[in-house]
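[1] Build the 3D model from these lines:
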Amino acid sequence: MSKKNLKVLLKLVISVALLYFVYQKINFEDLKTTYKASNPIYLFIGSLFFIGSQLLSSYRLNYIFHRSNFPLSQSSNLKLYFIGMFYNFFIPGGIGGDAYKVYLLNKRFGWKLKTITQNVLIDRLIGLVAIFFIASILAGHLFFEETLFIILGIIGAILVYIVSKLILKIFIKELDSIYMRSFLFSTGIQILQVLSIYCILLAIGIESNAWSYFLVFLISSVLSVVSFSGFGAREFVFLQAAIYLGTDSAMATSIGLTFNIITAIVSLLGVFFLIQKIELKLVSE
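    Below is the predicted model of the structure:
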C-alpha cells in the first residue's frame with residue numbers, strides 16, 4: 001500500500017472511530033429533535049456567510065497567483081477553486097483538490113509546477129496563521145477577565161503574526177510582497193466562518209457561550225485535518241466542549257455536524273464545473 005493510500009485509510013479510521021465515540025455519547029433522538037426545532041432562516045444565513053468565506057478564499061489564492069505573475073482570471077480561478085473543494089471534500093483518496101489545481105494550471109499555461117505549488121502552500125499556511133491569530137485574541141478574552149491578560153492575548157496574536165512571517169520567510173523568499181494582504185484576506189475568511197457558526201448557534205437555540213464556541217470552532221478547524229474531510233474530528237471537539245460549557249451534548253455536536261454538512265453541500269458546486277469542462281483563461285483574454 002502506498003503512503004498516499006495509507007494516509008487516506010488512516011484518516012478514514014480516525015473519522016469512523018471518532019464518530020463512533022461521539023454517537024455513543026449522544027442520543028440520536030435528541031439530535032433529531034435539535035434539527036427539527038432548528039430555525040432554517042438562520043441556517044440559510046449561516047450558509048451564505050460560509051459561501052462568502054469561500055469566495056474570499058478564492059480571491060486570496062488568485063491574489064497570490066497574480067503577485068507571482070500568474071494572471072489567472074477571477075472567473076476561471078473561482079471555478080477551479082470549487083472543483084478543488086469538491087476533490088478535497090469528497091475524493092481525498094484521489095488526486096486531491098490542490099494537486100488537481102496545480103496540474104491543470106501547469107497543463108494549460110505551462111507555469112512552473114514548483115512555483116504554483118508554492119503559491120498554493122502559502123495560501124494554506126497563511127490561512128492557518130490567521131486561525132491562530134484570532135484564537136489567541138479569543139483565548140485572552142475568554143480565559144482571563146483582567147485587562148492585563150486580554151492585552152497579553154493581543155500581544156500573543158501579534159507574535160503569531162510576526163513569528164510566522166519570519167519562519168515562512170526562511171522557506172519562501174518572495175513572502176514579503178504578499179504576506180500582509182493575504183493575512184488580511186485570511187482574517188476576513190475566518191471572521192465570515194465564525195459568523196456562520198454564530199448563525200448555526202442561533203438556529204439550534206444556543207444563546208450562551210457564543211465566544212467560547214467560536215474558539216472551539218477554530219480549534220476544530222485545525223484538528224479536522226487528521227480526519228476524513230473533517231468528519232468525526234469536528235464533532236468530537238464540539239462534544240468535548242459541551243462537557244466544559246454545560247451545553248446539551250446533542251446540540252453541541254450538531255454545531256460541528258451542521259458546519260460539515262454546509263461545507264459538503266457547497267463543495268458539490270464543483271461537480272457542475274467538472275461536468276462543464278471549464279476553459280481556464282487569463283485576465284488579458
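
[2] Next one, pLDDT for the residue nearest to Gly270 when sequence neighbours are not counted please.
    With C-beta to C-beta, 6 or more residues apart in numbering as the measure, Phe86 is the residue that lies nearest to Gly270, at 2.7 Å, once sequence neighbours are left out. (C-beta placed from N, C-alpha, C; glycine too.) Note on Phe86: pLDDT of 89.

[3] Same question for the one 10 residues further on.
    You'll see Gly96 listed with a pLDDT of 72.

[4] mind listing what it touches?
    Neighbouring residues of Gly96 by C-beta atoms under 8 Å, 6 or more residues apart in numbering: 87-88.

[5] ok, now Leu192?
    49-50, 52-53, 56.

[6] List the buried residues in the worst-scoring helix or strand of the chain on mean pLDDT.
    In the chain, no helix or strand scores lower on mean pLDDT, DSSP states H and E than helix 3-25, which sits at a mean of 75. In terms of neighbour count (16 or more other C-beta atoms under 10 Å), helix 3-25 has its buried residues at 8, 11-12, 14-15, 18-19, 22.

[7] Turn those residues into CSV, columns for distance to Leu166.
    As requested, those are exported to CSV (distance: C-beta to C-beta, whole Å):
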residue, distance to Leu166
Val8, 34
Lys11, 31
Leu12, 37
Ile14, 32
Ser15, 35
Leu18, 35
Leu19, 39
Val22, 39
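
[8] Helices along this protein, start to end?
    Here the chain has its helices, by DSSP state H, at 3-25, 28-36, 40-67, 74-90, 97-109, 113-143, 147-171, 179-204, 210-223, 233-245, 249-267, 269-276.

[9] and the least confident helix or strand of the chain, what does it pack onto?
    Counting contacts by 3 or more C-beta pairs under 8 Å, 6 or more residues apart in numbering; DSSP states H and E, helix 3-25 packs against helix 233-245.

[10] can you rerun that using 10 Å?
    In terms of contacts (3 or more C-beta pairs under 10 Å, 6 or more residues apart in numbering; DSSP states H and E), helix 3-25 is packed against helix 233-245, helix 249-267.

[11] on that earlier part again, and the helices of the chain as CSV, adding distance to Val283?
    What follows is the helices of the chain, written out as CSV (distance: least, C-beta to C-beta, whole Å):
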stretch, distance to Val283
helix 3-25, 35
helix 28-36, 44
helix 40-67, 8
helix 74-90, 8
helix 97-109, 12
helix 113-143, 16
helix 147-171, 27
helix 179-204, 18
helix 210-223, 32
helix 233-245, 37
helix 249-267, 26
helix 269-276, 19
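
[12] which stretch in the ones you listed is the model least sure about?
    helix 3-25 (a mean of 75).

[13] Can you give me every residue that contacts the spatially most central residue of the chain?
    Centroid-nearest residue in the chain: Ser221, 5.9 Å away (criterion: C-alpha atoms, centre = their mean). Contact partners of Ser221, counting by C-beta atoms under 10 Å, 6 or more residues apart in numbering, are 127-128, 131, 135, 190, 193, 230, 233-234, 237, 259.

[14] among the residues you listed, which ones are buried?
    Here, 16+ other C-beta under 10 Å leaves 127, 131, 135, 190, 193, 230, 233-234, 237, 259 buried among the contacts of Ser221.

[15] Now the residues you listed in JSON lines, please, with extra columns for distance to Lys114.
    Listed next are those as JSON lines, based on distance: C-beta to C-beta, whole Å:
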{"residue": "Gly127", "distance to Lys114": "21"}
{"residue": "Ile131", "distance to Lys114": "26"}
{"residue": "Ala135", "distance to Lys114": "32"}
{"residue": "Gln190", "distance to Lys114": "28"}
{"residue": "Gln193", "distance to Lys114": "30"}
{"residue": "Gly230", "distance to Lys114": "29"}
{"residue": "Ala233", "distance to Lys114": "31"}
{"residue": "Arg234", "distance to Lys114": "33"}
{"residue": "Val237", "distance to Lys114": "35"}
{"residue": "Phe259", "distance to Lys114": "34"}
